[in-house]
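# Fold the following and give me the result.
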Amino acid sequence: MKLAKLLDTDRILLDLKATEHLPAIVELVDFLTARGDIPKDCYDETLKALEEREALISTGIGSGVAIPHTFSDSLEEVVAIFGRSKQGINFQALDNAPVYFIILFIVPRKDYHLHLRTLATIAKMFTNGEVLRKLATANTRDEILEILDPKPMRTDKEPC
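Numbering: from 1, shown residues only. Alright, predicted model coming up:
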């Protein structure tokens, strides 16, 4: 599972306005709903599920990263969004540090196994300090998408 397969440039927010974790989640869900990625009649249910998940333990995993996530009976495929905060968000993260990068995703309940793979993929990518540095300095959505989906280096050598 590649994270970039879940995103496109229209699901990347370069400068979140929220400074607290629940308003940041609302900002991201509002954006997805306005785009039609989350049906309007599922908005309240989705937001409630994400807030209940945060009440268990913050999805701020440390190193400036949060991965809010939940399930939905109303979606047929995974919906994801990337948000970046330049000022940092008090996400009540496990390391008590501000969060600068948020990947929020919602998985159809019928695809529980996909939830675990997606979470593992995101967590692995965001433990890479070089990835975090590049994301912090990227100027465009296209740059962020390229960082999240690096192309393999091409060589002109023929295989032996």
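# Tell me which residues touch the most centrally placed residue in the chain, please.
Nearest residue to the geometric centre of the chain (CA atoms, centre = their mean): I103, 1.1 Å. Applying CB atoms under 8 Å, 6 or more residues apart in numbering, we find I103 in contact with L3, V65, A66, I67, A80, I81, F82, I122, F126. To be clear about C-beta, it is placed using only N, CA and C from the backbone, and glycine gets the same treatment.
# who wins for neighbours among the residues you listed?
A66 (28 neighbours; other CB atoms under 10 Å).
# Flag the helix or strand of the protein with the lowest per-element mean pLDDT.
The weakest-scoring helix or strand in the chain, judged by mean pLDDT, DSSP states H and E, is helix 112-125 (a mean of 77).
# So which residues of this structure form strands?
Per DSSP state E, the chain carries strands over the ranges 12-13, 60-62, 65-66, 69-72, 79-89, 99-108.
# Kindly compare burial across those strands and name the winner.
Scoring these by mean neighbour count under mean count of other CB atoms under 10 Å gives strand 65-66 as the most buried, with a mean of 26.
# From the contact counts, what lies against the least confident helix or strand of the chain?
Applying 3 or more CB pairs under 8 Å, 6 or more residues apart in numbering; DSSP states H and E, one finds that helix 112-125 contacts strand 69-72, strand 99-108.
# Now it: buried residues?
H115, T118, L119, T121, I122, M125 (16 or more other CB atoms under 10 Å).
# okay, the strands of the chain in JSON lines with distance to P39 and mean pLDDT next?
Formatted as JSON lines, those follow (distance: least, CB to CB, whole Å; pLDDT from 0 to 100):
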{"stretch": "strand 12-13", "distance to P39": "20", "mean pLDDT": "96"}
{"stretch": "strand 60-62", "distance to P39": "28", "mean pLDDT": "92"}
{"stretch": "strand 65-66", "distance to P39": "24", "mean pLDDT": "94"}
{"stretch": "strand 69-72", "distance to P39": "9", "mean pLDDT": "92"}
{"stretch": "strand 79-89", "distance to P39": "10", "mean pLDDT": "95"}
{"stretch": "strand 99-108", "distance to P39": "11", "mean pLDDT": "94"}
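# Next, format those as CSV and append distance to D41.
Converted to CSV, the strands of the chain look like this (distance: least, CB to CB, whole Å):
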stretch, distance to D41
strand 12-13, 24
strand 60-62, 29
strand 65-66, 27
strand 69-72, 12
strand 79-89, 15
strand 99-108, 15
